[in-house]
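# Sequence first, predicted coordinates after that:
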Amino acid sequence: MQYPDLIQPDGEAAAVEAHAVEVSEGASRTLWGDAFKRLRKNKLAIIAVVWIVFVALVAITADLWAPQLLGSPTAADTTAMATSSLLPPSLEHPFGTDVTGRDILVRVIYGARISLTVGLVATAISTVIGLVMGAIAAYYGGIFDTIIMRLADIFLAFPYVLFVLCLIAALGQSITNVFIAIGILGWPSIARVFRSAILSVKENDYVDAARAMGASDVRIIVRHIFPNSVASIVVYATMNIGSAILSEAAISFLGMGVQPPNPSWGIMIQDGQAYLMNAPWLMIMPGLAILSTVLAFTLLGDGLRDALDVKMKDA
């Protein structure tokens, strides 16, 4: 037996099916999936990602081609120093050469290794410390919150670069100690950001439900609070990479970071300041490298902030 009144026209059936698919897709979307879609629409953020990936790939693969094409980044060519010293940018040396005849481009490329490594490792150290301290302060409150936040105030009260220099002087001059110094001194800001994020979500119903079911404090923080608070940390940590790169350049410029003849953008600027008038490319090229890389991480952080903002979901 047929029921004509229950039979839908093909057009209406297709519309119902399309609506069902749309609802299914909407239910399966997540915060990160929505954020990725919004991030792809941000042209500046995409340009920043492309530039960061390009710089990273060039730095990682430099051993395979850079010394063969451009020469050693550390060893001076004493045999050709008289003819290759302080050459301006050209097709043979796109960034020019320094006073010892070394190609500036190859030194900028190898300097990117140090800068990116410092940025990533130091930010990882400060993020881990900041997450732990911020979580303890926000979740337990009371005396824990007071002690941790006052300790953060003490760290923030000191001039940052001076504090880093003092710590490196105490630990010794090495690239490892640069990682440690910048990483240790960068935790207070991240702890404050994470503490604020946790305070905004820890009283939600799902946290109370997990606590009522007997979940441990660690499980509540890791499984329920952290996933709903991590968005702000991702944004802040991305921007903090650029700050760490600037800090390493400043420390190396002052002579307490990477030591010559190892290439570092800060050291290259320090070496070039004596030749600013007759060979400005010695400072301009590493300066542009710092500017473009730090700007890329800043633009990426801005893009992530907009993409992870749930208020812009329908934008």
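On my side now, so go ahead.

# Where does pLDDT dip in the stretch 1-150 of the chain?
Scanning the stretch 1-150 of the chain for pLDDT under 70 picks out 1-32, 77-83.

# Quick one: the helices in it, in order.
Under the criterion DSSP state H, counting those that start in this stretch, the stretch 1-150 of the chain contains helices at 10-28, 31-40, 43-60, 62-70, 81-84, 104-140, 142-157.

# so which of these is the most packed in?
Among the helices of the stretch 1-150 of the chain, ranked by average contacts under mean count of other C-beta atoms under 10 Å, first place goes to helix 104-140 (a mean of 22). For every residue, glycine as well, the C-beta is placed using N, CA and C.

# Please tell me how far D306 sits from W265.
Taken as C-beta to C-beta, to the nearest Å, the spacing of D306 relative to W265 amounts to 29 Å.

# want to try TSV for the helices of the stretch 1-150 of the chain, with distance to M277 as columns?
Below are the helices of the stretch 1-150 of the chain laid out as TSV (distance: least, C-beta to C-beta, whole Å):
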stretch	distance to M277
helix 10-28	62
helix 31-40	44
helix 43-60	29
helix 62-70	26
helix 81-84	20
helix 104-140	17
helix 142-157	39
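
# Now do the same contact list for A48.
L295, A296, F297, T298, L299, L300, G303 (C-beta atoms under 8 Å, 6 or more residues apart in numbering).

# For D306 and W265, indicate the residue with more neighbours.
Between D306 and W265, counting by other C-beta atoms under 10 Å, W265 is the more crowded of the two (27 against 18).

# Might one say that the more buried one is in contact with V108?
Yes: at 7.2 Å, W265 counts as touching V108 under the criterion of C-beta atoms under 8 Å.

# Show me where the stretch 151-300 of the chain has its helices.
Chain-ordered helices for the stretch 151-300 of the chain, with DSSP H, counting those that start in this stretch as the definition, fall at 160-171, 175-185, 187-199, 205-212, 217-219, 230-253, 265-272, 281-307.

# and the angle from the first one to helix 230-253?
Taking axes from the mean of the first three to the mean of the last three C-alpha atoms, to 10 degrees, one finds that helix 160-171 is oriented at 70 degrees with respect to helix 230-253.

# Who are the packing partners of helix 160-171?
If you count contacts as 3 or more C-beta pairs under 8 Å, 6 or more residues apart in numbering; DSSP states H and E, helix 160-171 packs onto helix 175-185, helix 230-253.

# could those go into TSV alongside mean pLDDT?
Converted to TSV, these look like this (pLDDT from 0 to 100):
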stretch	mean pLDDT
helix 175-185	89
helix 230-253	89
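
# what's the closest of those to V49?
The closest of these to V49 is helix 230-253. By C-beta to C-beta, the value is 10.6 Å.

# Which strands or helices does the closest one pack on?
Counting contacts by 3+ C-beta pairs under 8 Å, 6+ apart, the secondary-structure elements packed against helix 230-253 are helix 104-140, helix 160-171, helix 175-185, helix 187-199, helix 265-272, helix 281-307.

# Of all those helices, which one comes closest to A212?
Using C-beta to C-beta as the measure, helix 104-140 is the one of these that comes nearest A212, at 16.2 Å.

# Pick the most buried one from the helices and strands packed on helix 160-171.
Comparing those by mean neighbour count (mean count of other C-beta under 10 Å), helix 230-253 comes out on top with a mean of 22.

# Export only the CA atoms of that helix, formatted as PDB.
Once side chains and other backbone atoms are set aside, the C-alpha atoms of helix 230-253 remain, and they are given as PDB (Å, rounded to 0.1, in the frame of the first residue of the first chain):
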ATOM      1  CA  VAL A 230      45.000  26.300  26.000                       C
ATOM      2  CA  ALA A 231      43.900  28.600  23.200                       C
ATOM      3  CA  SER A 232      45.200  31.700  24.800                       C
ATOM      4  CA  ILE A 233      48.500  30.000  25.600                       C
ATOM      5  CA  VAL A 234      49.000  28.900  22.000                       C
ATOM      6  CA  VAL A 235      48.600  32.600  20.900                       C
ATOM      7  CA  TYR A 236      50.900  33.900  23.600                       C
ATOM      8  CA  ALA A 237      53.600  31.200  23.100                       C
ATOM      9  CA  THR A 238      53.700  31.900  19.400                       C
ATOM     10  CA  MET A 239      54.300  35.600  20.000                       C
ATOM     11  CA  ASN A 240      56.800  34.800  22.700                       C
ATOM     12  CA  ILE A 241      59.000  33.000  20.100                       C
ATOM     13  CA  GLY A 242      59.600  36.300  18.500                       C
ATOM     14  CA  SER A 243      60.400  37.900  21.800                       C
ATOM     15  CA  ALA A 244      62.900  35.100  22.600                       C
ATOM     16  CA  ILE A 245      64.600  35.700  19.200                       C
ATOM     17  CA  LEU A 246      64.900  39.400  20.000                       C
ATOM     18  CA  SER A 247      66.300  38.600  23.400                       C
ATOM     19  CA  GLU A 248      69.000  36.300  22.000                       C
ATOM     20  CA  ALA A 249      70.000  38.900  19.400                       C
ATOM     21  CA  ALA A 250      70.300  41.600  22.200                       C
ATOM     22  CA  ILE A 251      72.300  39.300  24.400                       C
ATOM     23  CA  SER A 252      74.700  38.300  21.600                       C
ATOM     24  CA  PHE A 253      75.000  41.900  20.600                       C
END
